[in-house]
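1. Sharing a model prediction with you, sequence too.
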Amino acid sequence: MDAQAYKEMAHVQNHHWWFKARWEILSEFIDRIGIKKTAEILEIGCGTGGNIEMLKVHGNVSAIEMDDFARNYTEEQAGMTVSKGWLPDNMPFENDSFDLICMFDVLEHVEHDKEALQVLKKFLKPDGTLFITVPDYQWLFGRHDQTLHHHRRYTLSALEKSLHQAGYQVANESYFNSLLFPLVVVTRAIELMTKPENPTGNKIPNSLLNTVLCQIFRFEKRILSFLKIPFGTSIIISAKITPL
């Protein structure tokens with residue numbers, strides 16, 4: 001992402017409906033993974049640190065970020081050191097291993113995503129878990145993705161295949177952000193026709209709409225506790241290294 005995108009993220013991440021509801025969904029998913037409270041957690045591509053406080057509830061958190069502004073902002077806000085690095089060929093923590101490695105909407109930014117998945121196995125403990133979210137459906141690829149420098153969007157089957165090829169076995173997976181899926185499709189169609197200078201998703205809507213969207217999205221936390229959702233704008237997936 002470019003510098004302006006990181007600055008916008010820093011400005012909206014504590015208030016925007018998408019971030020607030022997603023934290024609850026991610027935290028619930030980690031609870032179901034079942035890591036110990038002293039777990040060593042690594043977030044790769046932590047951006048401006050919006051997920052750090054949520055992750056700290058679940059263990060000891062380390063973070064990697066390639067952008068200088070985002071890294072410095074996270075260090076100031078979270079009171080922790082953030083290492084500079086990126087996938088697949090500049091990973092710090094060479095002698096460390098983690099119980100949980102998280103990449104939240106990061107893999108789509110990595111040009112060589114399959115190689116990145118291979119590299120991450122070196123940093124997982126034998127029973128560690130890789131936890132990923134990505135945007136899905138290439139046909140939704142639009143101005144928003146271009147602005148954020150996405151290389152691709154995924155389908156669940158394609159991501160599962162990439163994980164299997166890289167030596168993982170999928171533990172849990174689903175689509176999510178499903179209840180708002182029709183709204184997203186309509187919005188992307190309008191953007192495709194009108195080609196606005198600033199795509200939607202970068203600004204906080206008015207207070208009432210922000211609250212309504214947050215409540216709709218966060219309701220999926222309950223759905224995902226008992227149901228694998230068959231469609232949505234994002235994918236949530238956990239995987240472990242395939243035993244030899």
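-> Alright, I've got the coordinates. Numbers count the residues shown, from 1 in each chain.

2. Find the centremost residue of this structure, please.
-> Phe104 (1.5 Å; C-alpha atoms, centre = their mean).

3. Need the three-state assignment for the nearest residue to that residue once chain neighbours are set aside.
-> Leaving aside its chain neighbours, Phe104 sits nearest to Thr133 (5.0 Å; criterion: C-beta to C-beta, 6 or more residues apart in numbering). Every residue, glycine included, has its C-beta placed from N, CA and C. Classification of Thr133 using DSSP: H, G, I helix; E, B strand; the rest coil returns strand.

4. Would you check that Thr133 makes contact with Leu156?
-> No. Thr133 is beyond contact range of Leu156, at 11.7 Å (criterion: C-beta atoms under 8 Å).

5. what number of residues lie near the residue nearest to Phe104?
-> 22 (other C-beta atoms under 10 Å).

6. do the same with Glu75
-> If you count neighbours by other C-beta under 10 Å, Glu75 ends up with 15.

7. Just to be sure, Gly232 is in a helix?
-> No. According to three-state DSSP, Gly232 belongs to no helix; its state is coil.

8. all strands for the protein, in order.
-> Using DSSP state E, the strands of the chain run over 39-44, 59-65, 83-84, 98-104, 124-135, 168-176, 234-241.

9. could the ones you listed go into TSV alongside distance to Lys161 and mean pLDDT?
-> Shown next, in TSV, are the strands of the chain (distance: least, C-beta to C-beta, whole Å; pLDDT from 0 to 100):
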stretch	distance to Lys161	mean pLDDT
strand 39-44	21	98
strand 59-65	26	97
strand 83-84	30	97
strand 98-104	17	98
strand 124-135	13	97
strand 168-176	10	97
strand 234-241	12	98
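
10. could you dump those to TSV with distance to Ala10?
-> TSV is the format used below for these (distance: least, C-beta to C-beta, whole Å):
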stretch	distance to Ala10
strand 39-44	16
strand 59-65	12
strand 83-84	18
strand 98-104	16
strand 124-135	20
strand 168-176	24
strand 234-241	21
